[in-house]
Structure formats: C-alpha cells, structure tokens
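Peer 1: Dropping the sequence and predicted coords here.
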Amino acid sequence: MNRFAAALLFLTLSSLVQAATGPTQEELNQANRSTEWLLPNHDYAGVRFVDLKQITPANAASLRPVCLFQGADLNRALNNPIVYRGVMYVTTLLSTVALDPATCKVKWRHDWKPKAKDGNSSIKNRGVAIKDGKLVRGTQDGYLFALDAETGKLLWEVKAADSEKFEALSINPLIYDDLVIIGPSGSEYGVKGWIGAFRLDSGQQVWKFNTIPDDGEPGAETWGAADSRLKGGGGIWTTPSLDTANGLIYVAVGNPAPDFFASQRPGANLYTNSMTVLDARTGKLKWTFQAVPHDTHDWDLPVTSPLFTANVGGRKRDVITVGSKDGLLRVVDRETREVLYAVQVTTRTNIEIEPTEEGVYACPGVAGGVEWSAPAYSPKLDLLVVPTVDWCGIFKRDEEPRFIAGQLYFGGSFTWDPVEKSRGWLTAIKASTGEVLWKYQSSRPMLAAVTATSADMLFTGELTGDFLAMDARNGNVVYRFSGGGAIVGGVISYAVNGKQYVAVVSGMAAGFWQAAPGSMTLTVFALP
C-alpha cells in the first residue's frame, strides 16, 4: 500500500470512529457555529439560528419536498429532530429512528417495549440527546435509556421516574459532560416535580433538585400546609438551556396543582412557574425568577431560552428570554436578575381575577400565550421571533378539589371560546429594545418551532398543516406548503454535503386543539 492510500485509509477510519463516538463536548459547546442540528433548539443557548444562506427570500418560492418519513404513530407529533454527521434522529412514542437527512432512508430503528404503566397521557416524546456515540431518551413509563448512535443497539436502561406517581419522561434530555439532565412532566396529574442528572455511561443518578420542595428545603414555606406539596405539580415541559461559560442550566418549571383551586396551596408556590437556575454539575440552586406566583390559571413557564448578549438600555448585557403562558415574553438580565422588558404577545384580560364557582372569563386561556416552542433569535437582525396562542375562555373553580389517581387534577374546569375565535401569532421583537417590529396572524394557534437563518429566513408551521418559509425582515410568507397533519413540533434547517435542507415534523395535536389528524410525518424540503 502506498503512502497516499494509507493516508486515505487512515482518514476514512478516523472519520468513521469520530462519527461513531461524537459529538464531543467541544462540538456541543460550539454547536452555535454548526450547520448541523445538535440540540433540540440547535445549541445549548437555544437560539434556533443557523448560519445557512442558500435558501433566501428571493429563491424560497422554489422550495420543494425532496423526501418524507412516516412514523406510523398517531400520538402527538412533538419531536425535535437531531442531525449529526449525516444522520438524523427522530422519535415517536415508542420508536427511535436513524435516517439519512437528505433522502429519509431509514438506517436503523429501535422500538421500546414498555415495562411499566404509562406515567400520564398529557405529553408524548419530544426527542433524543446525543453525545460520545450515545443517544439518550426517556419514556412514558419512566425509563431512561441509551442506544449506540451508529447501530441502535441498547446500551443501558434505568427506571429513572415513577410512573406509578404519573411521572413521564417526555423531553429531549440535555447532555453536558458526563451528565444526562431530565425531569418528568405531569403537573396536571398531581406529580411532585423534580429535575435530575444521570451518568451518561450507566444511567446512575448523580443529583436531583425538587421543583416542589421537601420539608426543610428552601421554598417549602411558600406552600402553606405540607400536604399541598405532595401533589403540587412543577413538571418539566422542555429541555433547559445551558450557559456553558458558567456551567448553569436555566430550567423552565411548570404549573402548580390543583390548577384552579388556589386556596389549597396558599403562598407563592415555589418553584412552579419559575425560571430556576441550577449548577449543571451539582444541581445546587443559584437563583430563581418566578414569572407567575401563586398561579390560578395553569399559566406554566414552558420556555427559558434563548440566552444571548445584546445592547439593552445602552449597556451590553447577558440576557435570557422567558416565555410564559400568561401572554408575556420577558427578557431578563442574567447578572442583575432584573426584567429588562416584557412584551405582550397575546390578549390579556382579567388576569388578576381568580376563578370562581360561577366562572370568570379570562385571557389567555388554559393553553394560551407561549407554549412549548422557544423563540428564535437572529443576532444578524437583532430579532426575537415567538409563536403564540390567542384563545380565551371561562375558568371555573370546583366547590372542593378532588384528587383521583390517574385523572386530571385541575380543581375546576375551563370552557374554551368557540374554535372560530382561536388564532395564533408570530411576533417579531427587536431584541435590544422590546419593540414589536411585525406580527403574522394565523387562523389557528401557532405551536410549531421557529428557525432563523443568516439569509434572513424564518421557517415554521401552522396548526392548519401549512409549512411556512418567511422573510424575517418583514414577516412576508414567501413559500407555503400544505402537508396535511398539524405542525406542532420541530422545524429545523441544516446542511448535508454543502446543501441546505429544512425538515418539518407534522402529525397529531392534542384533541382540544381541534386540528386535522395525521400520522407522524417528517418532510424534508430543499431547493431544486
């Protein structure tokens, strides 16, 4: 073998080894510079911005679907795909699938066989995390497991959550160093929330932070009687964002329970509806910001990203975006911890009035405001773009709250306005000032992810099933494709062999959204 052939063989083998063992911690730290999609919101900071310029406002009308993958799954299509070294990883409720991201050809598929009862039916699987050749995901029956990213072979599994207590592991985990960070959903089922870290190589638990404090822990005094904390909620909807420079995770903690019967839990009810900042390596509490103390309307805090740096008020500041179901988008200084501005992104009516037995009309409704999709941030345009829900209704409180295992623990009820009155917004905000620059109105709530690019493009989708490519500078729709099923999950953009693609997940939404049904489908778009 000559020297050239030997060198070529070495490079080929090295590439295969790297593909089988990556991404490394350094690659994840630099994901904001990647034209792949390594984390659910692209990078640890969650900016959902990718430096790709092939698709532009001038040529986006020529986009066409190039392939699709149908997951044969009629559960909610909330998946956030991951793309690394020529492989895309998607999930359904029970399956994990590796695909070619340019052709949708299946490389391998792993099917989970449940070992315990379903923790709760409110949320389904959002996706995987990847590092060091391992894919990690959670299950509805409380398991956490790792697969070989190259082959799909099961490496380990652990019972990480208690499905008997209605805990379900639905979010994309966050992997940092040798830790897998995840927490259960299920606030409406009366869980006692937490977030924890597990070893990447074994699943062994390292630390656990109670989002509903135990006796003697800070915040326990904000709940009144101790038994109010036993079923206090505090579930985790979405993957935390991470400040790699300081090793801090920014956790979005969900609502307290019972949702509408607040006298059952007097006090501020920490750490529900709070951005809770923890040391990623130890789980130690650093500080917290509670967006909606003593919540009486199920106004979760579902989103704590993106993190970015901007000149706000004449000063360069490190900030974080906090999106809430109360209809406000807040930008918070990560050093001073002050709210720099708050932008109203949906209708807000009777927000201070608690539900009564007779009923109180209020906006946002029980599923209003900012839901599970984080805003996208374009540093090029100094732009935050956030999808929201505008849908009001009547909140009622029960005469007495009743907890029945396995049933929703609301302590009341909510009656939606007619579906014809529901709508959605995509709101573009100047990140340095909070000024609203433009708004796009949809005929139905907007729940899908949003991605921004360096070519001033936005990609998102609608509950109607339409995929949208938009000019980020003015909100004009430059391409629309009707794919059938509702788009309520991931919309990402990435490059393979120098060509830019956009992948869109569509399918089922929760029944109360009253959207067209569809099997989970991943559709990939590109220019001809």
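Peer 2: Everything's here; your move.
Peer 1: Tell me where the protein has helices.
Peer 2: Along the chain, the stretches classed as helices by DSSP state H are 3-21, 25-29.
Peer 1: which ones are touching G183?
Peer 2: For G183, the contact set (CB atoms under 8 Å, 6 or more residues apart in numbering) comprises L169, I171, G193, W194, I195, G196, T211, G235, I236, V251. In this view, the C-beta of every residue, glycine as well, is placed from N, C-alpha and C.
Peer 1: and if we set it to 7 Å?
Peer 2: G193, W194, I195, G196, I236 (CB atoms under 7 Å, 6 or more residues apart in numbering).
Peer 1: would you turn those residues into CSV with neighbour count?
Peer 2: Conversion of those to CSV gives the following (neighbours: other CB atoms under 10 Å):
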residue, neighbour count
G193, 26
W194, 21
I195, 26
G196, 20
I236, 28
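Peer 1: Reformat those residues as CSV; add pLDDT and distance to L285.
Peer 2: CSV is the format used below for these (pLDDT from 0 to 100; distance: CB to CB, whole Å):
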residue, pLDDT, distance to L285
G193, 97, 14
W194, 98, 13
I195, 98, 11
G196, 98, 14
I236, 96, 15
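Peer 1: Could you single out the nearest of those residues to W223?
Peer 2: W223 has its nearest neighbour among those in G193, at 12.7 Å by CB to CB.
Peer 1: Could you report the separation of the closest one from F166?
Peer 2: Distance, G193 to F166, using CB to CB, to the nearest Å: 11 Å.
Peer 1: Need the residue closest to the centroid of this structure.
Peer 2: When CA atoms, centre = their mean is applied to the chain, the residue found nearest the centroid is T238 (3.9 Å).
Peer 1: so I181 sits right up against A197, yeah?
Peer 2: Yes. Contact criterion CB atoms under 7 Å: I181 and A197 qualify, at 5.0 Å.
Peer 1: Worst mean pLDDT among the helices of the chain?
Peer 2: Ranked by mean pLDDT, the helices of the chain bottom out at helix 3-21, which scores a mean of 47.
Peer 1: so where's this protein shaky on pLDDT?
Peer 2: 1-20, 119, 121-123 (pLDDT under 70).
Peer 1: rerun that using 80 as the cut-off
Peer 2: 1-20, 117-123 (pLDDT under 80).
Peer 1: hang on, isn't the residue nearest to the centre of the chain packed against I171?
Peer 2: Yes. Counting by CB under 7 Å, T238 touches I171, with 5.9 Å between them.
Peer 1: Any idea what T521 is bridged to?
Peer 2: On the basis of DSSP bridges, T521 is bridged to Q70, S506.
Peer 1: Tell me which residues touch it, please.
Peer 2: Shown in contact with T521 (CB under 7 Å, 6+ apart): L68, Q70, G483, G485, S506, G507.
Peer 1: Any chance of a ChimeraX selection covering the buried ones in those?
Peer 2: Buried residues among the contacts of T521 (16 or more other CB atoms under 10 Å), as a ChimeraX selection:
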select :483,485,506,507
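Peer 1: From the contacts of T521, pick the one nearest S187.
Peer 2: Using CB to CB, these come closest to S187 at G507, 23.7 Å.
Peer 1: ok now do that closest one, which residues does it touch?
Peer 2: A77, G485, A486, G518, S519, M520, T521.
Peer 1: Repeat that for K192.
Peer 2: Shown in contact with K192 (CB under 7 Å, 6+ apart): I212, R229, L230, K231, G232.
Peer 1: repeat that with 8 Å
Peer 2: Contacts of K192 were listed using CB under 8 Å, 6+ apart, and they are K165, N210, I212, R229, L230, K231, G232, G234.
Peer 1: show me what contacts the fourth one?
Peer 2: Which is R229. K192, I212, P213, D214, A220, W223, R265 are the contacts of R229 under CB under 8 Å, 6+ apart.
Peer 1: Relative to L154, how far out is it?
Peer 2: Distance from R229 to L154, by CB to CB: 36 Å.
Peer 1: Check the third one too.
Peer 2: Plainly put, I212 is 32 Å away from L154 if you go by CB to CB.
Peer 1: the more surrounded of those two?
Peer 2: I212 (29 against 12; other CB atoms under 10 Å).
Peer 1: Touching, that one and S274? I think so.
Peer 2: No. Assessed by CB atoms under 8 Å, I212 is found out of contact with S274, at 11.1 Å.
Peer 1: quick revisit: anything in contact with each of I181 and A197?
Peer 2: A280.
Peer 1: could you show me where the strands are in the stretch 151-300 of the chain, in order?
Peer 2: Counting by DSSP state E, counting those that start in this stretch, one finds strands in the stretch 151-300 of the chain at the ranges 154-159, 174-176, 179-182, 194-199, 205-210, 241-243, 248-252, 274-279, 285-290.
Peer 1: Pull the fourth one out as CSV, backbone CA atoms only.
Peer 2: It stands for strand 194-199. The C-alpha trace of strand 194-199 is given here as CSV (Å, rounded to 0.1, in the frame of the first residue of the first chain):
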residue,chain,number,x,y,z
TRP,A,194,-38.1,17.3,40.0
ILE,A,195,-35.2,17.5,37.6
GLY,A,196,-32.1,15.3,37.9
ALA,A,197,-28.8,14.3,36.4
PHE,A,198,-27.8,10.7,35.5
ARG,A,199,-24.4,9.3,34.3
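Peer 1: Note down every partner strand of that strand and its orientation.
Peer 2: Strand 194-199 is paired, per DSSP bridges, with strand 179-182 (antiparallel), strand 205-210 (antiparallel).
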